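Participant: Provided below for reference: sequence and predicted model.
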Amino acid sequence: MRLALILTTAFLLVGCGSSGGGNTVSWKRDEWGHRPGPQGFTTVIIDAGHGGRDPGAVSRHTGAREKDLALDTAKRLQRKLSGKVKTVLIRKGDTFVDLDDRVVKASRKDGAILVSIHYNSGPSHVRGPETYYWRVDSHGLATRIQRELEKVVPGESGNLGKKRRRLRLTRNPDVPCVLVECGYLSNAAEARLCNDPGYRDKLASAMARAIVDQQRSGDAGTGPRPRPLNQPPSRPTDPPGS
């Protein structure tokens, strides 16, 4: 493990540069993701959270179910990326897909990234988008998505913003991956916004812009990359927040 960490650090320092683009990395699948963010990738795997018997969060303000909003947003994102990059939907309808099966499907393709779409729930005063990542090669993409979402969200309050968190859809895939919480269904004002198809279309446009920018420029302009962390894959038995 010590040798692996030394080699990883050397790669990041020598092969990645400071925080610019122009990476010449071959986007093969990689277990750890201790490398620059993706540039020139060919496929975006879009994962609509929950589905089937798992509704996700349900808004007490509008009755909207997270699984339905996530699928609608995923399909909107797919349409906006059409002609720019290949897209694959993890689920196309109201079906249940186990988290580990989502990881397996995402990890099958080289030259791909994974974007998992969700809607949040929490204290009633909290609102705004959050973007989670774990791998070093996902930091730039997470930064871009969070920036673009915040441009179209009318207000943010108490949310986590961009956050490094070891989840099954941020740690376990063998490709760059992020999980996006588009807004809080537990906040009355934001729940009504998220229930509006026109607003969801704006959220999808924001994510599409970020993805295309990452494909074109890599990590350029997204700040320093975080240090590599050699943590094991996320498991359902992990303590919350681990």
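Facilitator: Received it, and whenever you're ready, just let me know what you need. Given the structure is predicted, the values throughout are model-derived calculations rather than measurements.
Participant: only C-alpha atoms from now on, for both contacts and neighbour counts.
Facilitator: Will do.
Participant: just to be sure, L160 is in a strand?
Facilitator: No. L160: not assigned to a strand; according to DSSP: H, G, I helix; E, B strand; the rest coil it is coil.
Participant: so how far is G183 from it?
Facilitator: Separation of L160 from G183 (Cα to Cα, to the nearest Å): 11 Å.
Participant: shared neighbours of these two, which are they?
Facilitator: Counting by Cα atoms under 8 Å, 6 or more residues apart in numbering, the residues touching both L160 and G183 are E130.
Participant: of the two, which one has the most company?
Facilitator: G183 (25 against 15; other Cα atoms under 10 Å).
Participant: can you tell me the number of residues neighbouring the closest residue to V153 other than its chain neighbours?
Facilitator: Nearest in space to V153, with sequence neighbours left out and distances taken as Cα to Cα, 6 or more residues apart in numbering, is G128 at 6.8 Å. Neighbour count of G128, defined by other Cα under 10 Å: 23.
Participant: let me see the contact set for G128.
Facilitator: Per Cα under 8 Å, 6+ apart, neighbours of G128: 150, 153, 155-157, 159, 161, 182-184, 190.
Participant: residue ranges in this protein under the pLDDT threshold?
Facilitator: For the chain, residues meeting the criterion pLDDT under 70 lie at 1-26, 241-242.
Participant: show me where it has its strands.
Facilitator: 43-48, 86-89, 112-120, 130-133, 162-164, 177-184 (DSSP state E).
Participant: now distance to A142 too, for those strands, in a markdown table please.
Facilitator: Supplementary listing: those in a markdown table, determined by distance: least, Cα to Cα, whole Å:
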| stretch | distance to A142 |
| --- | --- |
| strand 43-48 | 14 |
| strand 86-89 | 18 |
| strand 112-120 | 9 |
| strand 130-133 | 6 |
| strand 162-164 | 7 |
| strand 177-184 | 6 |
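Participant: P239 is nearest to which of those strands?
Facilitator: Closest approach to P239 among the strands of the chain (Cα to Cα): strand 162-164, 15.9 Å.
Participant: next, the buried residues of that closest one.
Facilitator: Across strand 162-164, burial judged by 16 or more other Cα atoms under 10 Å covers 162-164.
Participant: and if you look at stretch 79-98?
Facilitator: 80-81, 85, 87-91, 94, 97.
Participant: what does stretch 214-229 give?
Facilitator: By neighbour count on 16+ other Cα under 10 Å, the buried set for stretch 214-229 is 214-220, 222, 225, 228.
Participant: then stretch 176-194?
Facilitator: Residues of stretch 176-194 classed as buried by neighbour count (16+ other Cα under 10 Å): 176-188, 190-194.
Participant: first to last residue in that stretch, what's the distance?
Facilitator: End-to-end distance for stretch 176-194: 27 Å, by Cα to Cα.
Participant: kind regards, and thank you for your time.
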